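Engineer: Sequence and predicted model, in that order:
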Amino acid sequence: MHREAMLTQLGYAPNNALLNQLQKIEANTAGYEKIRKHIMDLHDALKVDGSFVAMSNTNDYFKIKVEAPSPEIAEEAHEKIRHFSDKFKVKIDKLSDKEAYYIVGFDS
C-alpha cells in the first residue's frame, strides 16, 4: 500500500509533511511491513465503536484512540485492540492518562 493511500484511508489529506511523518513512523515501528495491513484492518474495525488509528502528534508511532460513546462500547473497542495485539503479535503501549495506545511494532 502506498503512503498516500494509507493516509487517505486513515482520514488524512496527503501532503509532504504528513508523508514525512508517516515515513518516520514506519522507520520507528519494528517489523512495520509485517503489521501494516493489520493496522488498517484494526482502524476499520474500530470505526464502528467511534475509535480509530491515527498518527501521533508527539511521538513517531501510530496511536490507537478509544473515543467510544459509552463504557460498554469502549470496552468492546479495548477488546478488539487486545485481540489485534495477541493475534498479530503487535506490541502496544497503553498511555496511562488516556484512552489510547501506541503501536510500537511487531513483537517477535
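Structural biologist: Good, I have the coordinates.

Engineer: Nearest residue to the middle of the protein?
Structural biologist: Against the mean C-alpha coordinate of the chain, by Cα atoms, centre = their mean, the closest residue is V53 at 3.6 Å.

Engineer: Bridging across strands, which residues link to that residue?
Structural biologist: For V53, the beta-bridge partners are I64 (DSSP bridges).

Engineer: and D44, how many residues sit next to it?
Structural biologist: 11 (other Cβ atoms under 10 Å). In this view, the C-beta of every residue, glycine as well, is placed from N, C-alpha and C.

Engineer: Do you know the pLDDT at it?
Structural biologist: According to the prediction, D44 has pLDDT 95.

Engineer: Likewise for the one 4 residues further on?
Structural biologist: We note a pLDDT of 92 for V48 in this prediction.

Engineer: So which residues of this protein form strands?
Structural biologist: 52-55, 62-65, 90-94, 100-106 (DSSP state E).

Engineer: taking these together, which one is wrapped up most tightly?
Structural biologist: strand 62-65 (a mean of 23; mean count of other Cβ atoms under 10 Å).

Engineer: what does that strand contact?
Structural biologist: If you take Cβ atoms under 8 Å, 6 or more residues apart in numbering as the criterion, strand 62-65 is touched by 25, 29, 39, 42, 46, 51-56, 81, 92, 99-103.

Engineer: and if we set it to 6 Å?
Structural biologist: Residues outside strand 62-65 that contact it (Cβ atoms under 6 Å, 6 or more residues apart in numbering) are 52-54, 56, 81, 100-103.

Engineer: Please consider this matter closed, and thank you.
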